[in-house]
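Trainee: only geometry, no sequence info:
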């Protein structure tokens, strides 16, 4: 099992977490857990396949960056 923990500083981490939660689909291949600690969002990802882990990491980083940019505009 491969595992990665992303620690992402966000202006509104609880809102980012709520935005990501509906899209989390844990199954036998990938498991994702979101936690908020102070001003950071912690994303713990476990995957049986390394290429799945990489794809999920890239997806979360891109999505969080996009949400942060939208928050700046709004």
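Mentor: Arrived safely. What you are looking at is a predicted structure, and each value in this text was computed from that prediction instead of being measured. Numbers count the residues shown, from 1 in each chain.
Trainee: so residue 7 is in which element?
Mentor: Taking DSSP states H and E as the criterion, the element that holds residue 7 is strand 2-9.
Trainee: how much does the next helix or strand after that strand deviate in direction from strand 2-9?
Mentor: Under the assignment DSSP H and E, the closest C-terminal helix or strand after strand 2-9 is helix 13-20. What separates the directions of helix 13-20 and strand 2-9 is an angle of 130 degrees, with axes from the mean of the first three to the mean of the last three C-alpha atoms, to 10 degrees.
Trainee: buried residues, the top helix by length along the chain. List them.
Mentor: With DSSP state H setting the assignment, residue counts place helix 50-73 as the longest helix in the chain. For helix 50-73, the buried set under the neighbour-count rule, 16 or more other C-beta atoms under 10 Å, comprises 53, 56, 60, 64, 67. Where you see a C-beta, it was placed from the backbone N, CA and C, and this is true even at glycine.
Trainee: skipping adjacent residues, who's closest to the third one in space?
Mentor: The spatial neighbour of residue 60 that comes closest, neighbours along the chain excluded (C-beta to C-beta, 6 or more residues apart in numbering), is residue 43 at 5.5 Å.
Trainee: what of the fourth one?
Mentor: The shortest distance from residue 64 to any non-neighbouring residue, by C-beta to C-beta, 6+ apart, is to residue 8 (5.4 Å).
Trainee: and that neighbour, what are its bridge partners?
Mentor: Beta-bridge pairing for residue 8 (DSSP bridges): residue 41.
Trainee: ok, it - how many residues close by?
Mentor: Other residues near residue 8 number 16, with proximity taken as other C-beta atoms under 10 Å.
Trainee: with that, I have no additional questions.
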